[in-house]
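> Give me coordinates for this.
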Amino acid sequence: MSLTWAIKRLSSMDGREITYRIGKAIQARLELMGFGLARPTEPANHPSPAWVDHISHDFDRSFYCASADRIMQGRFDVFALEGTELGFPPNWNKDPKTGTQAPLAFGKLLDYRNERLVGDIKYLWEPNRHLELVTLAQAWHLTGDTRYCRACLTLLDSWFDQCPYPRGPNWTSSLEHAVRLVNWSFAWHLLGGDQSVIFEGTDGRRFQSRWLRSIYQHCHFIHGHLSRYSSANNHLFGELTGLFIGALTWPLWESSNDWRKEAQHELEVEALKQVHGDGVDREQATWYHHSVADMMLLAGLVGRANSIDFSGTYWARLESMLEFIASIMDVNGNVPCFGDSDDGVMVRFSPSPDFHVYHSLLATGAVLFSRADFKAKARHFDDKSRWLLGDSAGQRFESIKTENVLLPVHRSFTQGGYYILGDGFETAHEVRIVADAGPLGYLSIAAHGHADAMSFTLSVGGNEILIDPGTFAYHTQKRWREYFRGTSAHNTLRVDGADQSVSGGNFLWTQHCQTSVLVFDTSSEKEYLSCTHDGYLRLSDPVDTQRELTYDRRLRTLYVLDSLVCKRPHRLEMYWHFSEKCGVQIQPDLAIVNNGNAILKLRWPGGLSARIVHGSEASPMGGWISHRYDRRVPSNTLIVAGNITGSWRGLTTIEAGLGGVPQIS
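From the prediction side, this is the model:
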């Protein structure tokens, strides 16, 4: 951890957080000396029943067996390393990307941000979440082939050997413990629960005892190291989910009931704190919106299966989160990737590369909430939904009638700051514009927010045209981290080469741009959104920035009016990021863009120059899109730039059309 980062981070804390962190530092050193560590007693009582009455067998067994066989061959998918040879069992403390072997130092004092010490911690942690354990257990559940349950035993036993409590990189982060614990819970039931053949005989009982001891240590660790203050975002939600499911699955110790009650209470509280009343997750990141919704779903289902339900308010907040997903998703199922994304999931129920997290949430939600609009957007009942809800839920899904469903569910999310303009929704002629006029992010550091105020995405007939380029990097590759979260990587305007908000590190913004919506009106043939932000008022010559979007339904044309109020000269740049599937041609006064049957004509303000960058790593960096963590592909970015001498107004015209009727996939 650099001194500069530490100083910036310290400056963003209030007195309570500083006191809290001093207390946690003291706690870590006491634990190093052996005080306050987990000391599990002999388990009492019995584990709880599975999350569903009858775990389905109605799946393509060959697919799940092939996925499990691949794991047993030592081939793991870890972000950009698809099918990488890790061995079986793998080296759990080795970063598969850099080959760095992390030390087995005391976990809570190990600096996992130090690349030289641990490598890329995201890559090291990912296999340790034990998503693959569930795949192996699924194969056992579907076939009864003992190879798969023995593989589960091998995987877990090796992890216990290589990752002794509480040492090494896998005893540092409570969120990682929580995700691992959730996967253990589902694998436990898929293997047959307390009566599994894996626990038969002397060796089986020894293994069961060893696994339960680690479960207790995981629950104890999470409870003692919950993320408070700056990381009290999806990290805290995930930790509480893991603690709730762990304590409920294995209510075997005196502390279990207290852990479960505390976790459930805090999940109820955090569901309302972290998610706006309109259903938008406060982190302003679409992927983490999905993550929190999935955590709420898993905790809720496991609770219900054990006659411990959450409140109606909790379930209503989850339903509103699904309404947001259904509203911003275009007719082909594309969802804008606002804010950070790391591809992280709590449980990998479907190892298919075509698995669609947003469709799956909507399919499950269609059954849970009897929502025809969710079914219409989900289209089919997917494998994950069947694993979670059982075969009878698939029948209920099919019985839901979708005739005369009105979509989008909502056009405005005033608290979250997202607005939808366009026409022809849910048809082959759809134009869908999703505008971001929301806050930077959640809490003081806004860890997963991007400097994307007043940006928007646009698709035509389900063909993505203007996109949000994504995230690409987190802990490492600092230059790329700064680019993808910066203003120039979004469809908005930048002044004097500065980001709208001021970054203090990979997950820290020290100055937050604030956006205000002045007007949103969809009542006439010309839909209208007007917003302003204060990101450039910090400049020596303050610049007041305003953007107005006017969509003319009759002409299928979007007018983007940008206004800058200032006194002195400035450099302005407007960025337009196109899907990698788009072809772009530049003419003297316009760009012609096509993607499939969709055609877009973009005319920029006079007096400015325009150029295309494609996969550029030099200055200006740009022309990239990242659909998956640590993967990027070249795309076209149009940069329209010029110098102004004072206040300025410029109109960009974007005309959307179709060269024929596109096929909706």
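> need the next SSE after the helix or strand containing Leu155, C-terminal direction.
Assigned by DSSP states H and E, Leu155 belongs to helix 146-162. Of the helices and strands lying after helix 146-162 in sequence (DSSP H and E), the nearest is helix 174-190.
> Can you list the helices and strands that that next one packs against?
With contacts defined as 3 or more CB pairs under 8 Å, 6 or more residues apart in numbering; DSSP states H and E, helix 174-190 has these neighbours: helix 121-128, helix 131-143, helix 201-224, helix 234-249. For the C-beta atoms, the positions are set from N, CA and C on the backbone; glycine is no exception.
> Mind checking the ones you listed for the one nearest to His627?
Among those, the nearest to His627 by CB to CB is helix 121-128 (16.7 Å).
> Pull out the buried positions in the closest one.
By neighbour count on 16 or more other CB atoms under 10 Å, the buried set for helix 121-128 is Ile121, Lys122, Tyr123, Leu124, Trp125, Glu126, Pro127, Asn128.
> which one among the residues you listed gets closest to Pro169?
Closest approach to Pro169 among the buried residues of helix 121-128 (CB to CB): Leu124, at 5.7 Å.
> Distance of that closest one relative to Asn93?
Distance from Leu124 to Asn93, counting by CB to CB, to the nearest Å: 7 Å.
> Next: Gly615.
Using CB to CB, one gets 35 Å for the distance from Gly615 to Asn93.
> The two - which one has more neighbours?
Shown here are Gly615 and Asn93; by other CB atoms under 10 Å, Asn93 has more neighbours (19 against 15).
> Return the residues in contact with the more buried one.
Contact analysis of Asn93 by CB atoms under 8 Å, 6 or more residues apart in numbering lists Gln101, Ala102, Leu104, Leu124, Gln162, Cys163, Gly168, Pro169, Asn170.
> Now the buried members of those residues.
Listed as buried from these are Ala102, Leu104, Leu124, Gln162, Cys163, Gly168, Pro169, Asn170; burial here means 16+ other CB under 10 Å.
> Check the residues you listed and tell me the two furthest apart.
Leu104 and Leu124 (13.0 Å).
> Show the contacting residues for the residue lying closest to Gln514 once chain neighbours are set aside.
Counting by CB to CB, 6 or more residues apart in numbering, Gln514 lies nearest to Asp534, which is 5.1 Å off, once chain neighbours are set aside. By CB under 8 Å, 6+ apart, the residues touching Asp534 are Cys513, Gln514, Asp544, Thr545.
> pLDDT score for Asp534?
Asp534 is assigned 98 on the pLDDT scale.
> circling back: give me the subset of the contacts of Asp534 lying in strands.
Asp544, Thr545 (DSSP state E).
> if we can go back for a sec, any idea how far the residue nearest to Gln514 is from Glu82?
Where Glu82 is concerned, Asp534 sits at a distance of 43 Å (CB to CB).
> and if you look at Ala393?
From Ala393 to Glu82 the distance is 32 Å (CB to CB).
> With Phe88 instead?
To Glu82, Phe88 is 17 Å away according to CB to CB.
> More neighbours: which of these two?
Phe88 (17 against 12).
> Report the contact partners of the more buried one.
With CB under 8 Å, 6+ apart, Phe88 has these contacts: Ile71, Met72, Gln73, Gly74, Ala151, Thr154, Leu155.
> Can you tell me which of the residues you listed comes closest to Val434?
So of the contacts of Phe88, ranked by how close each gets to Val434 (CB to CB), first place is Ile71, at 37.5 Å.
> Go ahead and measure how far the helix or strand hosting Leu421 is from the middle of the chain.
For Leu421, the enclosing helix or strand under DSSP H and E is strand 418-423. Strand 418-423 has its average C-alpha position 22 Å from the chain's average C-alpha position, going by CA atoms, centre = their mean, to the nearest Å.
> and for the helix or strand just after that strand, what are the contacting residues?
Reading on from strand 418-423 to the C-terminus, the next helix or strand found by DSSP H and E is strand 431-436. Taking contacts as CB under 8 Å, 6+ apart, the residues outside strand 431-436 that touch it are 284, 328, 330-331, 336, 338, 417-425, 452-460, 529, 531, 549, 551, 556, 558, 656.
> So which of these are in helices?
Among the contacts of strand 431-436, the ones falling in helices (DSSP state H) are Ile328.
> just the buried members of the contacts of strand 431-436?
For the contacts of strand 431-436, a burial check counting by 16+ other CB under 10 Å picks out 284, 328, 330-331, 336, 338, 417-425, 452-460, 529, 531, 549, 551, 556, 558, 656.
> any idea how this protein splits into domains?
What the record gives for the chain is the domain set 1-37, 51-225, 417-658, from automatic domain parsing.
> Go through the ones you listed and name the closest to Glu319.
Across the domains of the chain, closest to Glu319 is domain 417-658 (CB to CB), at 17.3 Å.
> Just the endpoints, please. Distance across that closest one?
The first and final residues of domain 417-658 sit 29 Å from each other (CA to CA, to the nearest Å).
> Next: stretch 593-605.
Using CA to CA, one end of stretch 593-605 lies 17 Å from the other.
> List the buried residues of that stretch.
Val593, Asn594, Asn595, Gly596, Asn597, Ala598, Ile599, Leu600, Lys601, Leu602, Trp604, Pro605.
> For the stretch 301-450 of the chain, just list every one of the helices.
Assigned by DSSP state H, counting those that start in this stretch, the helices in the stretch 301-450 of the chain fall at 312-328, 357-369, 372-378, 383-389, 391-399.
> Same list, the ones you listed, but as TSV with distance to Ala435 please.
Listed next are the helices of the stretch 301-450 of the chain as TSV, based on distance: least, CB to CB, whole Å:
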stretch	distance to Ala435
helix 312-328	10
helix 357-369	19
helix 372-378	20
helix 383-389	31
helix 391-399	32
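> Looking at those, spot the one closest to Arg485.
Comparing these by CB to CB, helix 312-328 comes nearest, at 19.9 Å.
> residues in contact with that closest one?
By CB under 8 Å, 6+ apart, helix 312-328 touches 267-268, 271-272, 275, 277-281, 286, 289-290, 292-293, 296-297, 300, 335-336, 358, 361-362, 365, 368-369, 371, 373-374, 377, 407-411, 413, 416, 418, 420, 434.
> Can you tell me which of the buried residues of helix 121-128 lies closest to Glu573?
Lys122 (31.1 Å).
> And the closest one, how far from Asp340?
According to CB to CB, Lys122 stands 12 Å off from Asp340.
> What are the boundaries of the helices in the stretch 451-600 of the chain?
Under DSSP H, counting those that start in this stretch, the stretch 451-600 of the chain gives helices at 478-485.
> where does it have low pLDDT?
For the stretch 451-600 of the chain, applying pLDDT under 70 flags no range at all.
> One more pass at 90, please.
Within the stretch 451-600 of the chain, the ranges that satisfy pLDDT under 90 run 475-476, 524.
> May I ask which helix or strand of this structure has the lowest mean pLDDT?
helix 3-11 (a mean of 52; mean pLDDT, DSSP states H and E).
> How many residues are close by the spatially closest residue to Ile644 that is not a sequence neighbour?
The shortest distance from Ile644 to any non-neighbouring residue, by CB to CB, 6+ apart, is to His570 (5.5 Å). Residue crowding around His570 was assessed by other CB under 10 Å; the count is 19.
> ok, now which ones touch His570?
Contacts of His570 by CB under 8 Å, 6+ apart are Val495, Asp496, Leu539, Asp541, Val543, Leu564, Asn643, Ile644.
> what residues does the strand holding Leu421 touch?
Identification of contacts with strand 418-423 by CB under 8 Å, 6+ apart yields 280, 324, 327-328, 338, 408, 410-413, 430-438, 517, 520, 522, 527, 529, 549, 551, 553, 556, 558.
> What separation do you get for Thr510 and Glu573?
Distance of Thr510 to Glu573, computed by CB to CB: 23 Å.
> number of nearby residues for Ser524?
Around Ser524 there are 9 other residues, counting by other CB under 10 Å.
> Quick check on it: phi, psi?
With angles defined as degrees, to the nearest 10, Ser524 sits at phi -110, psi -180.
> low pLDDT regions in the stretch 51-200 of the chain?
Residues of the stretch 51-200 of the chain meeting the criterion pLDDT under 90: none.
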